[in-house]
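Novice: Fold the following for me, if possible:
(2 chains)
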Amino acid sequence: MHAADEQHLITLAREGSHEAFRTLVERHMKQAYNVAYGFVGDHDDAAEVAQEAFVRAHTSLGGFRGEADFGTWLHRIVVNLAMNQLRRRKVKAQREVDVEHPAASSAGEDPPGAEGGDMREHIERALHELPTLQRAVVILRHVDGLSTKQVSTILQCSEGTVKTHLYRGLKKMKEKLRFLREDFV
Amino acid sequence: MSRHVQDSLYDYIAGDLRDLERQRIERHLDSCPSCRDDLEALRSALALLPRRDVQPSEMRDSAFWASFADSVERKLPSAKSRPRSYRSLGESIADFIQYNTAALLAGSGALAVIALAAILLWPREAAVESVQPNPVPQAAAIRLAPGANRVHEYLKRSKVLLVGLSNMRSNEGAPIDLSVEREQSRALVHEARYLRQQPLDMRSAKLITDIQTLMIELANAPDAQETSDIIRSGIRRQNILFKIRMTESLLEAGAKERGRQ
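Specialist: Below you'll find the predicted structure:
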């Protein structure tokens, strides 16, 4: 895919060509979906986030100045929407806990390991309990396999900041999972 | 000094450093136990992160991707205001399906009832149907794609494995060796990849995608506890065994229908 070709499609789409925008969607839909899935971990939600990202991209196409390539710009929209989705999910879950177990919610989070059992759940929980930026860099860099430079462009920060958040995020994850059996950790 | 090394530890593990920088980190690690501990902590955390053997997008079938761009296009503000006469036939059909789902379902239901009534009122056919254990009406039978036999075989193998795993019991907490089942799950993942490249009816394609996702999880499950959780989720939440039986019945009905033609 040539940058000039992509730029031409963007210009046509800005001028109102649905065919051009559709071509952009078809080129980027799988990667947008993969990035969304990395955050939300659910196929239906990933499809919803990825489709909404394209709708937002279409609306904001006039403001796309081409400083980053279209894919990276789109990823930024996907990441923002996915993070919003996770926040909404967290608020909803918290409300459900408040209703069902008022005492538990007032006592704060469960201590790690208190509920026992599923290692995968613990890992995903540890990952999703990381502060927003740390979680984003770990998912984009490691789970989605993007380069540090791509992550820095998507999150609009320096590569140094990405590395710092990676280091802190991974270390925090390890601390949260310290209770797991040593042969796993 | 230490902080610089910590910032580079991820790149060091990922092999993204130039030789000189890598050597500098290694020299530092030789003399700094604290950074060595950090390196180990990072390695452990990375090993725990979920691995992607298959990209999530590969778990969706071609029908999903074919409709993805349509769905986006329908959500675009200007698409709604475009004159209908300019819309393509495909878009019009998609719109019709979207807005007339209830009417289509009612229509299909009526057709199914008529077809079933015709089958039941035809004496010889009625005799065949009366000994048929499959409760699926002929009208709902899947139109067979060329690889239907292989799909049927795949569903059967998946069902046997899932039923076997759902019946597994541990003796007094003794560890259960699931290496054979993991191997079978892997084989079923590969088979699903092949099948999904073949022309399939929508129902089978979606079911095979769901089974493939489940098999990937089973192939990567670290222990019996996790295997049991995955099976529970697949059988109770996704109702996968019921879907397999339903699709098998429809495939069998389709094969019979073809035999009669």
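Novice: how about low-confidence regions in the chain?
Specialist: I went with chain A, as the question did not name one. Where chain A drops to pLDDT under 70, the residues are A:1-3, A:93-118, A:179-185.
Novice: hmm, I had chain B in mind actually
Specialist: In chain B (pLDDT under 70), the answer is B:1-4, B:50-53, B:78-146, B:169-175, B:236-237, B:260-261.
Novice: Please enumerate the helices of it.
Specialist: Per DSSP state H, chain B carries helices over the ranges B:2-14, B:19-31, B:33-48, B:62-75, B:77-81, B:89-99, B:101-121, B:123-130, B:148-166, B:179-196, B:202-220, B:224-232, B:240-260.
Novice: How about the second one and chain A, any contact?
Specialist: No - taking C-beta under 8 Å from any C-beta of the partner chain as the criterion, helix B:19-31 and chain A are apart, separated by no less than 12.6 Å. Using the backbone N, CA and C atoms, a C-beta is placed for each residue, glycine as well.
Novice: Contacts for that helix next, please.
Specialist: The contact list for helix B:19-31 (C-beta atoms under 8 Å, 6 or more residues apart in numbering or on different chains) reads B:Met1, B:Ser2, B:Val5, B:Ser8, B:Leu9, B:Tyr12, B:Leu17, B:Cys35, B:Arg36, B:Leu39.
Novice: right, and out of the residues you listed, which lies closest to chain A?
Specialist: Distance to chain A across the contacts of helix B:19-31 (C-beta to the nearest C-beta) is lowest for B:Leu9, with 6.3 Å.
Novice: Let me see the contact set for the closest one.
Specialist: Neighbouring residues of B:Leu9 by C-beta under 8 Å, 6+ apart: A:Tyr167, B:Ile25, B:Cys35, B:Asp38, B:Leu39, B:Leu42.
Novice: got these as TSV, with neighbour count and distance to B:Leu250 columns?
Specialist: Shown next, in TSV, are those (neighbours: other C-beta atoms under 10 Å in any protein chain shown; distance: C-beta to C-beta, whole Å):
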residue	neighbour count	distance to B:Leu250
A:Tyr167	21	54
B:Ile25	19	60
B:Cys35	21	61
B:Asp38	20	57
B:Leu39	19	55
B:Leu42	21	51
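Novice: can you list the domains in the chain?
Specialist: Assuming you mean chain A. A:1-108, A:114-185 (automatic domain parsing).
Novice: could you do chain B instead?
Specialist: B:2-48, B:59-130, B:141-260.
Novice: one step back: mind putting the domains of chain A into JSON lines with distance to chain B?
Specialist: Shown next, in JSON lines, are the domains of chain A (distance: least, C-beta to the nearest C-beta, whole Å):
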{"stretch": "domain A:1-108", "distance to chain B": "4"}
{"stretch": "domain A:114-185", "distance to chain B": "4"}
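Novice: Looking at these, which is nearest to B:Lys256?
Specialist: domain A:1-108 (33.8 Å; C-beta to C-beta).
Novice: coming back round to it: columns distance to B:Ala148 on top of the contacts of B:Leu9, output as CSV?
Specialist: Formatted as CSV, the contacts of B:Leu9 follow (distance: C-beta to C-beta, whole Å):
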residue, distance to B:Ala148
A:Tyr167, 53
B:Ile25, 57
B:Cys35, 60
B:Asp38, 56
B:Leu39, 54
B:Leu42, 50
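Novice: name the helices or strands packed onto the longest helix anywhere in chain A?
Specialist: As assigned by DSSP H, the longest helix anywhere in chain A is helix A:70-100. With contacts taken as 3 or more C-beta pairs under 8 Å, 6 or more residues apart in numbering or on different chains; DSSP states H and E, helix A:70-100 sits against helix A:18-40, helix A:43-60, helix A:102-106, helix A:132-138, helix A:148-155.
Novice: Now the buried members of the contacts of helix B:19-31.
Specialist: B:Val5, B:Ser8, B:Leu9, B:Tyr12, B:Leu17, B:Cys35, B:Leu39 (16 or more other C-beta atoms under 10 Å in any protein chain shown).
Novice: so which pair among the residues you listed is furthest apart in space?
Specialist: The distance between the two most remote of those (C-beta to C-beta) is 14.5 Å, for B:Leu17 and B:Cys35.
Novice: Now B:Thr213: closest residue in space, sequence neighbours ignored.
Specialist: Excluding its sequence neighbours, the residue lying closest to B:Thr213 (C-beta to C-beta, 6 or more residues apart in numbering or on different chains) is B:Met59, at 5.3 Å.
Novice: Test my guess that the one you found contacts B:Gln212.
Specialist: Yes - with contacts counted by C-beta atoms under 8 Å, B:Met59 reaches B:Gln212, the gap being 6.5 Å.
Novice: Neighbour count: those two, which is higher?
Specialist: A direct count of neighbours by other C-beta atoms under 10 Å in any protein chain shown for B:Met59 and B:Gln212 places B:Gln212 higher, at 24 against 18.
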